[in-house]
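In: return atomic coordinates for the entry below.
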Amino acid sequence: MKKSHRIFVSMLLVLISLGLINTSCQKNEDSSPEDPPAGEELQENVTIIEENDAELLSDSAQLVSGTYVFQFSGTAPTFAENDVFVSKTGKGHLRKVKSVSSDGNKLTMQTEQATLEDLYNNSELSFDIPFEETKSDPIHAMEEHTFLAEGVEEIAGDGINLALANVVLKIGNDEYDLSAKLESATIHIQPNYDYSHKIEDGSIQRLSVNSFNTPINFDYHLSASGTANATEKHEQILYEKGQFKFVGLMLIYIHHEVRVEFQPTASVGIDCNYQSTTESIYDFALAYENGSFGPVFEQKSETSHVTNSSMNVKAGGELKLSLIYEPKFFVFGVLGPYIENSLFAKANGSINSSQDWDFNIGMGIDSKLGIKFEVFSRQIGDVSKTFNLYSASLFEAPKNLQLISGNNQEGSVGSELAQAIRFQVSDNFDGPVSGVPVYFEITEGGGSVDKEVVTTNDDGFAEVNWTMGDAENQKLEAKIKNGSGALIGGSPKEAKATTVAGDYPICFKEGSGIYYSWDSGTSLSSQNGFQQNLTGWINADSAFIQYWYSAGLNTYKVEYEMARVGDELVGKRYECKVFSVGSTNCTGTLTESDALMVKDNCQ
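Out: Predicted structure coming up:
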């Protein structure tokens, strides 16, 4: 009986021990990074140092020099020269042993960076890294970290979504008068990375990182004013995010950075305020296979435009604003693939002593794709390639010069034409451009203008009054110039006029007895007397009449637009109810009717 009792107790102790052992193994299994995926074959001289098995005692300086000191909780493993170990401490370490010394359970090893070829004999691995799902492993205390600059807010949505408000762009030192600010901006970037590699017989055959159909959108409102006399690049980080993920034995760390760079050139001086939008979709691919490296950068779609722009160039120069998105991929804490995408707007301006100026904004992207092979293979050198795309004429001002009104008038020798000659200067979106000198010159007929240079107003208009010379045919030219003095905007643009001896006074009768008499091309009267504020003009081809009249408590506006055909004026009569005499906006229905006036002696 006692013997049976001893046997039972012994069996119970064994079962309890097995249970404790199983519980301990299960706990360790749950709290460790994943084991190598099925089919991954390690090199024979590889040792995995679990975080629970040893403590890394080396300080940062020792790690930089390759000195790794471990204190093992149990018996220390044996290492020989050229053995490789994987440590799951910190950001992870993949090292090749050069020498080793021991002190009990403490090992001090002098090491160098090992490669995936040192780690794997055969490995074929691929996985996706969606931005939202890349996680840190909590047992390594490598939490995701995010940095947001002042004025930057992270908003909900897939990928990187940032909203900026009143972000001041720092421009060098206090001696600069130039200031710039992102009044507002939104940034959206949605990467979705795929990673794959293939190693056969200890030699890397394929390595790729790509992100297809990646949107990079930048919508911003920039204001800049002042001058600078030196070229400096001013860089500000808006956003950083670091993320960690174990895949088998590999620890992947991705560092995302979004920053802006603002760079004036020497002697730049400008006062500008504009809004710009760029929406682009790109493919990025870094691929090494069978000894060749093939980076791919393709812009699949792009929409860019500038709106609500105003500018005043003070001195020649260039401003460049760049939005840079830079993801870097680290394997065991060592930089591998990297991408730098710089989406930029480049504003150029020039001005001369006569205050002729020009300004343009172009947009483009500079992209650099590369791989540092230090952690992948010793047999392959680092590679990179840069791509450049640029649109130089997204916004231009001044761009166009157009004759608006006053062309083809008739006038008497020595008299001023009834209408001023009006031109308008616009940008390449047909928006008015103010502050542009417009040069006027009589080129035929011997007449004169009241001003030879007129600066455009807020509506882009510049106009002159034209006095007729003594020749029958008269011509006037208008020109605009850029900061280099070259003609632009289709200059010169021409206006024409003719002088007429005239058969004044001349009179036309409408119907049974309404008379209109011209003493000159612009001096109109009526014998009937009911017309108020009567004005109009007449020339060899056409005539125009405008007046107001009252009927009871109501006031009406009347206009005639007539063609001159022999001894008749033929055209249209327009009438509508208005608020008062002189009002041009109709408050009632506009009526249209045919009109006919016949030349008469008006006696």
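
In: measure how buried Arg422 is and give me the count.
Out: Residues lying near Arg422 (other Cβ atoms under 10 Å) number 18. Yep, even glycine has a C-beta here, placed from its N, CA and C like the rest.

In: and it, bridged to which residues?
Out: According to DSSP bridges, the partner residues bridging Arg422 are Ser405, Glu463.

In: verify the stated contact: it with Gly460.
Out: No - with contact taken as Cβ atoms under 8 Å, Arg422 and Gly460 are classed as non-touching, separated by 10.4 Å.

In: could you check the longest strand along the chain and say which residues are buried?
Out: Among the segments of the chain that qualify as a strand by DSSP state E, the longest is strand 203-228. When neighbours are counted by 16 or more other Cβ atoms under 10 Å, the buried residues of strand 203-228 are found to be 204, 207-212, 214-218, 220-222, 224-228.

In: what lies in contact with stretch 404-423?
Out: Stretch 404-423 is touched from outside by 401-403, 424, 438, 440, 449, 461-470, 476, 478, 493, 495-502, 520-522, 537, 539-541, with contacts defined as Cβ atoms under 8 Å, 6 or more residues apart in numbering.

In: how about stretch 350-360?
Out: Defining contact as Cβ under 8 Å, 6+ apart, one finds that stretch 350-360 is touched by 270, 272, 311, 313-316, 347-349, 392-398, 435-437, 455, 480-485, 488.

In: filter those to the buried ones?
Out: Taking 16+ other Cβ under 10 Å as the criterion, what is buried in the contacts of stretch 350-360 is 270, 272, 311, 313-316, 347-349, 394-398, 435-437, 480-483, 488.

In: and Gln71, how far from Glu55?
Out: Noted for Gln71: a distance of 5 Å to Glu55, by Cβ to Cβ, to the nearest Å.

In: oh, I was asking about Thr277
Out: With the distance defined as Cβ to Cβ, Thr277 ends up 54 Å from Glu55.

In: please, which helix or strand holds the residue nearest to Ser196 when sequence neighbours are not counted?
Out: Using Cβ to Cβ, 6 or more residues apart in numbering and skipping residues adjacent in sequence, the residue nearest Ser196 is Ser126, 3.6 Å away. Following DSSP states H and E, one finds Ser126 within strand 120-130.

In: neighbouring strands for that strand, and are they parallel or not?
Out: strand 41-42 (antiparallel), strand 192-200 (antiparallel).

In: list the buried residues for that strand?
Out: For strand 120-130, a neighbour-count test (16+ other Cβ under 10 Å) marks 120-121, 123, 125, 129 as buried.

In: which residues of the protein score low on pLDDT?
Out: 1-39, 130-144, 171-176, 229-231, 266-267, 308, 391-392, 413, 501-502, 603 (pLDDT under 70).

In: can you pull out the helices in it?
Out: Along the chain, the segments classed as helices by DSSP state H run 2-30, 60-65, 116-119.

In: all strands of the stretch 451-600 of the chain, in order?
Out: Assigned strands in the stretch 451-600 of the chain, in chain order: 453-455, 461-464, 466-467, 473-481, 487-499, 506-510, 514-518, 524-525, 532-538, 542-551, 554-565, 568-578, 591-600 (criterion: DSSP state E, counting those that start in this stretch).

In: Gly336 is nearest to which of the ones you listed?
Out: Evaluated over the strands of the stretch 451-600 of the chain, closeness to Gly336 peaks at strand 487-499, with 50.1 Å, by Cβ to Cβ.

In: what lines up beside that closest one in the sheet?
Out: Using DSSP bridges, the strands paired with strand 487-499 are strand 409-411 (parallel), strand 473-481 (antiparallel).

In: of these, which is nearest His145?
Out: Nearest to His145 among those is strand 473-481 (54.3 Å), distances taken as Cβ to Cβ.

In: what's in contact with the closest one?
Out: The contact list for strand 473-481 (Cβ under 8 Å, 6+ apart) reads 354, 356, 398, 401, 403, 421, 423, 425, 436-445, 447, 449, 462, 464, 466, 468, 487-489, 491-499.

In: go again with 7 Å.
Out: By Cβ atoms under 7 Å, 6 or more residues apart in numbering, the surrounding residues in contact with strand 473-481 are 356, 398, 401, 421, 423, 425, 436, 438-445, 447, 449, 466, 468, 487-489, 491-499.

In: now that strand, how far from the chain's geometric center?
Out: Per Cα atoms, centre = their mean, to the nearest Å, the displacement of strand 473-481 from the mean C-alpha position of its chain is 39 Å.
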